[in-house]
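Trainee: A predicted structure for the sequence below; I have some questions about it.
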Amino acid sequence: MSKTVKFKIDGVKIKGRAGQTIMDAADDAGIYIPRLCDVEGLSPQGSCRVCTVKVNGRPAAACTQPLTEGMDVENDILEILNYRRDIIRMLLHEGNHLCPICEASGRCELQAMGYRLGILQPAKYPYLQPVRPIDASHPDILLDKNRCIRCGRCIRASKQIDGKNVFGYIGRGIHKGLGVNGRDLAGTNVHVSDKAVAPGTCPVGCIIRKGLGFHEPIGRRKFDKVPIGSDIENPESGRGK
Amino acid sequence: MAKTKVIEIEPVTRVEGHGKVSIHLDDHNNVKVARLHIVEFRGFERFIKGRPFWEVPVIVQRLCGICPVSHQLAAAKAMDIIVGAKKITPTAEKVRRLMNYGQIFQSHVLHFFHLCSPDLLFGFDADPKKRNIFEVIKKMPDLAVQGVMMRKYGQEIIRATSGKKIHGTGAVPGGVNKNLSVEERDFFLKDIEKMKKWAHDALNIAKNYTLEHLDMIETFAAFNSSHLSLVREDGALDLYHGNLRAIDAGGNIIFDQVDYRTYNDYIMEEVRSWSYNKFPFIKSRGHIDGWYRVGPLSRMNTSGFIDTPAAQKALEEFKGLTNGKPNNMSLAYHWARMIETVYCAEKIEELLHDPDLQGTDLMVRGDRAEEGIGLVEAPRGTLFHHYRVNENDQITYCNLIVSSTNNNEAMNRAVTKVAHDHISGKPKVTEGMLNHVEVAVRSYDPCLSCATHALGQMPLVLDLYDAEGVLLETKSKNL
């Protein structure tokens, strides 16, 4: 049995296990640390920075930072909250996230995070309004890269679970985006049963199953009744993650 | 060279969306030209190109915050064809119909109680400080509350069938995404008798107003026109599905039982340089004489009968006024609108007692098609949606003819007639005269941009220019 590691999150004493990340230990303790690029079943990537916490006064990504004895983690504080809000706002402004007409609305983690963090209106940054062509070439799956947030979940799922490399990053900096291993999605070996394109892998409305949009009525969608993170804070709710 | 003065009413108030009226006067203040301009450009037909087809019912309903259900249903009907759903399930059709009746019920009530009642109750020339909804609330609080509660009832039906009161997602290609639960049904049954009674009371107000002011209404913005609407196969009024019927001003059939998917063979659209709104016309009659009206007045004129008792009785009285011939009075729209409100309440009750609404067979699919045309009767009239989809499921073509577009020529004629009758030759243009023009436009309940609309202290600016464009005089209110 792994060694117990004692630490604190926002002053609350927590017992974790050696080898765990801060996020895993927080999840076990019922404390939700917001995240977008991290998802159960895939190795953490630490790229979205939404899970940033302060560890002994210094920022760190909770999804990749291992526990150490006695560490003092600050999660639910205004400084961090504002930092996360800015990240979510930048993501919302960088892509074309038109929630009212997006079929991911109600189950979208970016939208749900916006609500959870109290971002109720556009502000602060200019909309970049990218014009990226939709890849509708595949018979079952559609790729709308205007909604991609570069979380890399599809990339990791394709590699780590499906044993393929259908998706990958292309470009650098602000030009970094999602690419496919072929002339288009139809030119890859992706299959509708792949984890990379399964519901829940893409946190937004970038990878969508064709012809199923809006089949889930308003009121019964994943985040209609409970906010994102409820599955961790209240495991009996059975919703959220 | 004779000087021309231009009066502009911008925006036209107490209508959905934004438009302006321009009235050109000569040196003797005689009206030369009067026009209703649609000043907003929306562009939906262009920017849905490339989007996946199943998004369309949800996207295009954003054209409007008052009748999004109509756009959602027309688009969904077009997409039924795309997904090969030749016949949707009884549950799906009845849920959609319930949604449509709830929508038309609330929209008609909104127009009658909130937008036009100040004109009818206080007079077209009344002091504008009193000619508004707030004075209605003060003077007739029971009536005002009824209007609010009836609208709420219709909105709740939309919420129950589409997920949200505005811009829901209920109608999807091939059917619907939810049925009506027993709890929801019982919630609506609880108040249906009250809704029917209030609808009937409102009908009496509209009818009595028409009969008491018949001398004025027979001439105010009245002119002959053709009329177009959906009718059921047996000629009955139907707001969700049927075939097209067009009649001329004398009641003669121009075409009947036309499959709306062939609308392109019967209807064309003309573009004029001074408006973003097109001018549709009946092909066989040409663009000069082929214009027509749509909406409640036209539906009363084209329908042979109504299949609910109270609305049928009201229709008989309505048709009796013109001895069974088409009614061509613009202000009779109000009476016709309230007959439909009664009809919707009766149809809602009929559906609430139908167990098919609790069915679980919600969607069907069949052979994929590349072109779909959907049509419904929206509150303001016949609504056409036409799409083409490529092999990758993306929209490649879209054409929408919305209700207020169909009424474009008619509204311009109404503006022209009222301007001639009430402004021409008068030495001074008063606010009351301008409101007469607005009353004429308002009778059509136009949704000028199909955009969401703020009720209340809408600003109005009137500028008088000479022929060189020099501003002579400005009047304004609520600025």
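Mentor: That came in fine, so what should we check first? Numbering: from 1, shown residues only, chains lettered A, B, ... in the order given.
Trainee: Tell me the helices and strands packed up against the helix or strand containing residue B:288.
Mentor: Per DSSP states H and E: residue B:288 is located in helix B:286-289. On a contact count with 3 or more Cβ pairs under 8 Å, 6 or more residues apart in numbering or on different chains; DSSP states H and E, helix B:286-289 meets strand B:279-282. The way it works is simple: take the backbone N, C-alpha and C, and place the C-beta from them, glycine included.
Trainee: Okay, now the sheet partners of the strand it packs on, with direction.
Mentor: The strands beside strand B:279-282 in its sheet (DSSP bridges) come out as strand B:267-270 (antiparallel).
Trainee: And the partner strand, what's buried?
Mentor: B:267, B:268, B:269 (16 or more other Cβ atoms under 10 Å in any protein chain shown).
Trainee: Please name the nearest non-neighbouring residue to the first one.
Mentor: Right, residue B:267. residue B:280 (5.5 Å; Cβ to Cβ, 6 or more residues apart in numbering or on different chains).
Trainee: Same question for the second one.
Mentor: Excluding the flanking residues, the one nearest residue B:268 by Cβ to Cβ, 6+ apart is residue B:283, at 5.1 Å.
Trainee: Isn't that neighbour up against residue B:266?
Mentor: Yes. In this structure, residue B:283 is within contact of residue B:266 by Cβ atoms under 8 Å, at 5.7 Å.
Trainee: before we move on, back to that, who's in contact with the residue nearest to residue B:268?
Mentor: B:265, B:266, B:267, B:268, B:290 (Cβ atoms under 8 Å, 6 or more residues apart in numbering or on different chains).
Trainee: do residue B:125 as well
Mentor: Applying Cβ under 8 Å, 6+ apart to residue B:125 gives the contacts B:432, B:435, B:436.
Trainee: same deal with residue A:3?
Mentor: A:17, A:18.
Trainee: For whichever strand or helix holds residue B:8, which helices and strands make contact with it?
Mentor: Element membership of residue B:8, judged by DSSP H and E, is strand B:5-9. Counting contacts by 3+ Cβ pairs under 8 Å, 6+ apart, strand B:5-9 packs against strand B:19-25, helix B:431-443, strand B:460-465.
Trainee: mind giving me TSV with the ones you listed and columns for distance to residue A:140 and mean pLDDT?
Mentor: Conversion of these to TSV gives the following (distance: least, Cβ to Cβ, whole Å; pLDDT from 0 to 100):
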stretch	distance to residue A:140	mean pLDDT
strand B:19-25	45	81
helix B:431-443	49	84
strand B:460-465	54	50
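Trainee: Any chance of those in CSV with mean neighbour count and distance to chain A as columns?
Mentor: Below are these laid out as CSV (neighbours: other Cβ atoms under 10 Å in any protein chain shown; distance: least, Cβ to the nearest Cβ, whole Å):
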stretch, mean neighbour count, distance to chain A
strand B:19-25, 22, 25
helix B:431-443, 22, 29
strand B:460-465, 18, 29
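Trainee: what about those, which gets the closest to residue A:228?
Mentor: Smallest distance to residue A:228 across the helices and strands packed on strand B:5-9 (Cβ to Cβ): 43.0 Å, for strand B:19-25.
Trainee: Does the longest helix seen in chain B reach chain A?
Mentor: Using DSSP state H, we find that the single longest helix of chain B is helix B:182-212. No. Counting by Cβ under 8 Å from any Cβ of the partner chain, chain A has no neighbours in helix B:182-212; the shortest distance is 11.0 Å.
Trainee: Quick one: list the elements packing against that helix.
Mentor: If contacts are counted by 3+ Cβ pairs under 8 Å, 6+ apart, helix B:182-212 sits against helix B:90-109, helix B:117-122, helix B:141-162, helix B:309-321, helix B:332-352.
Trainee: Closest residue of chain B to chain A?
Mentor: residue B:163 (2.8 Å; Cβ to the nearest Cβ).
Trainee: which ones are touching that residue?
Mentor: Contact analysis of residue B:163 by Cβ under 8 Å, 6+ apart lists A:217, A:218, A:219, B:169, B:170, B:177, B:178.
Trainee: For it, what are phi and psi?
Mentor: phi 100, psi -30 (degrees, to the nearest 10).
Trainee: Could you confirm residue B:256 falls within a strand?
Mentor: Yes. Counting by DSSP: H, G, I helix; E, B strand; the rest coil, residue B:256 is found in a strand.
Trainee: So for it, what's the nearest residue that isn't a sequence neighbour?
Mentor: residue B:245 (4.8 Å).
Trainee: Strand partners (parallel or antiparallel) of the one helix or strand the one you found maps to?
Mentor: Per DSSP H and E, residue B:245 falls inside strand B:243-247. Here strand B:243-247 is paired, per DSSP bridges, with strand B:226-231 (antiparallel), strand B:253-258 (antiparallel).
Trainee: residue contacts, residue A:9?
Mentor: The contact partners of residue A:9, by Cβ under 8 Å, 6+ apart, come to A:22, A:26, A:29, A:31, A:53, A:73, A:74, A:75.
Trainee: what about it, distance to residue A:54?
Mentor: Per Cβ to Cβ, to the nearest Å, residue A:9 is found 11 Å from residue A:54.
Trainee: tell me, what's touching the two both at once?
Mentor: With Cβ under 8 Å, 6+ apart as the test, residue A:9 and residue A:54 both reach A:73, A:74.
Trainee: these two touch, right, residue A:167 and residue A:185?
Mentor: No. Judged on Cβ under 8 Å, residue A:167 makes no contact with residue A:185 at a distance of 9.4 Å.
Trainee: more crowded one of these two?
Mentor: More crowded of residue A:167 and residue A:185, by other Cβ atoms under 10 Å in any protein chain shown: residue A:167, with 28 against 22.
Trainee: what about stretch A:10-22, how long is it end to end?
Mentor: Distance between the two ends of stretch A:10-22: 13 Å, counting by Cα to Cα, to the nearest Å.
Trainee: What are the contacting residues of it?
Mentor: A:2-9, A:24-26, A:28-29, A:31, A:33, A:44, A:53, A:55, A:60, A:62-67, A:71, A:73-77.
Trainee: Filter these down to the buried ones.
Mentor: The buried subset of those (16+ other Cβ under 10 Å) comprises A:5, A:7, A:9, A:24-26, A:31, A:33, A:44, A:53, A:55, A:60, A:62-65, A:67, A:71, A:73-75.
Trainee: Mind checking which of those land in helices?
Mentor: Going by DSSP H, the helices hold A:24, A:25, A:26 from these.
Trainee: which one of those is nearest residue A:135?
Mentor: Distance to residue A:135, by Cβ to Cβ, is smallest for residue A:24 among those, at 34.6 Å.
Trainee: Spatially nearest residue to that closest one, not counting backbone neighbours?
Mentor: Closest to residue A:24 by Cβ to Cβ, 6+ apart is residue A:16, at 7.6 Å.
Trainee: how about the residue of chain A found nearest chain B, phi and psi?
Mentor: As assessed by Cβ to the nearest Cβ, chain B sits closest to residue A:218 within chain A, at 2.8 Å. Backbone torsions for residue A:218, taken as degrees, to the nearest 10, come to phi -60, psi 130.
Trainee: Cheers, nothing more for now.
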